Every structure is written in structure tokens, then in C-alpha cells.
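Trainee: Here is the input, now give the coordinates:
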Amino acid sequence: MVTFALLEIGRVARPHALAGEVVVDLWTNRTERLQPGAVLKTVSRDLEVLSSRHQRGDRWIVSFAGVTTAQEAEQLRGEVLLAEPLEDKTVLWVHELIGLEVVEVAGRALGTVSAVEANPASDLLVLDSGALVPLRFVVEGEPSVPGRITVDIPPGLVELD
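Mentor: Here you go, the predicted structure:
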């Protein structure tokens with residue numbers, strides 16, 4: 001079984017009120033991360049979600065076990081929240097793209113994915129060759145080759161030396 005590093009899923013923005021609740025900026029669309037009983041991690045501790053409620057946008061009000069005062073909540077300010085990757089065979093996660101070979105439909109190898117960069121028009125595959133390939137050019141339904149992503153890009157979009 002392949003294991004992945006913990007994923008950054010949000011950040012504690014600030015305390016909320018006096019009973020230890022905090023405002024969390026959630027960086028994932030998987031809101032089950034904040035369901036009661038979920039365990040999130042910081043660099044120094046584990047935090048069990050007792051309750052959460054949507055505030056607005058990507059902000060949530062969250063109560064963690066053992067955090068019962070405004071002072072304890074203040075100590076969490078700025079903490080990045082980490083979690084284990086979710087198991088869902090119906091989606092492709094960003095962390096699963098890292099290290100995959102990217103090949104054009106015609107067979108030309110473009111490089112290996114070293115990162116995925118957020119971009120308003122289309123997230124970009126950052127390749128070790130220096131090329132940037134918009135995710136919207138990834139071919140869906142292509143016969144699966146383990147460790148490979150097939151792309152159908154316009155001529156001249158990616159020039160390799």
C-alpha cells in the first residue's frame with residue numbers, strides 16, 4: 001500500500017467568541033473533514049472536531065476537544081490543519097498526480113509532474129522539464145497506463161529543448 005504525506009486542508013484564522021471555538025478557513029471542498037469525530041493534525045498536536053458550522057464562503061466555526069477557552073483558541077491561531085488523504089476511487093487527487101509521467105497523445109514524453117499550480121483558468125501541471133500543462137488538456141477515458149497521464153495539447157503549447 002502506498003502512503004502519502006498529510007494534506008493541508010485548512011488553517012485556523014482566529015478564535016471565535018469565548019468558549020474555545022475557532023474560525024477555520026477550509027481549503028478543501030470535502031466538508032466531511034469537519035464532521036464531529038474527525039481528527040485533524042497540526043505540527044504539534046491532534047485535534048478532534050466536536051462540532052462545526054458553516055459561517056460563509058470557505059469559513060467554518062469549529063469546536064475542538066480540549067479547547068474550551070478563548071486563550072486556548074488563541075494558541076491555535078495560524079495553525080495549518082492537516083489530514084490523511086481520503087479514499088475515493090471516483091476522483092483523482094492532486095497528491096496522486098505528483099511523480100506521474102506526462103505523455104502527448106502522439107507518444108512524445110513531456111516530463112514528470114513535480115507540482116500542481118492553482119490557476120483561475122485551469123490548474124497547471126508543473127513538469128520537471130519546466131513545462132506547464134493546463135489540466136483541461138488531460139485526456140479522460142484514455143486507456144489507463146499506470147504512472148502516466150495522457151494529454152492532448154494544441155501544437156506549440158509545450159516546446160522542449
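Trainee: Flag the shaky bits of this structure, pLDDT-wise.
Mentor: 1-4, 91-92, 141-144, 160-161 (pLDDT under 70).
Trainee: end-to-end on stretch 134-145?
Mentor: One end of stretch 134-145 sits 20 Å from the other (CA to CA, to the nearest Å).
Trainee: Also stretch 20-35?
Mentor: Start-to-end, stretch 20-35 (CA to CA) is 17 Å.
Trainee: quick one: buried residues of it?
Mentor: 20-24, 26, 28, 33-34 (16 or more other CB atoms under 10 Å). All C-beta spots, glycine's among them, are computed from the backbone N, C-alpha and C.
Trainee: Sort out which of those are in strands and list them.
Mentor: Judged by DSSP state E, the buried residues of stretch 20-35 include 21-24, 26 as members of strands.
Trainee: how about the buried residues of stretch 20-35, which pair is most distant?
Mentor: Gly20 and Thr28 (23.2 Å; CB to CB).
Trainee: Quick check: which element contains the nearest residue to Ala19 once chain neighbours are set aside?
Mentor: Distances taken as CB to CB, 6 or more residues apart in numbering place Thr68 nearest to Ala19, at 6.7 Å, with adjacent residues excluded. For Thr68, there is no helix or strand it lies in under DSSP states H and E.
Trainee: Distance check, Thr68 against Pro36.
Mentor: For Thr68, the distance to Pro36 equals 16 Å [CB to CB, to the nearest Å].
Trainee: Specify which residue of those two has the higher count of neighbours.
Mentor: Thr68 (15 against 11; other CB atoms under 10 Å).
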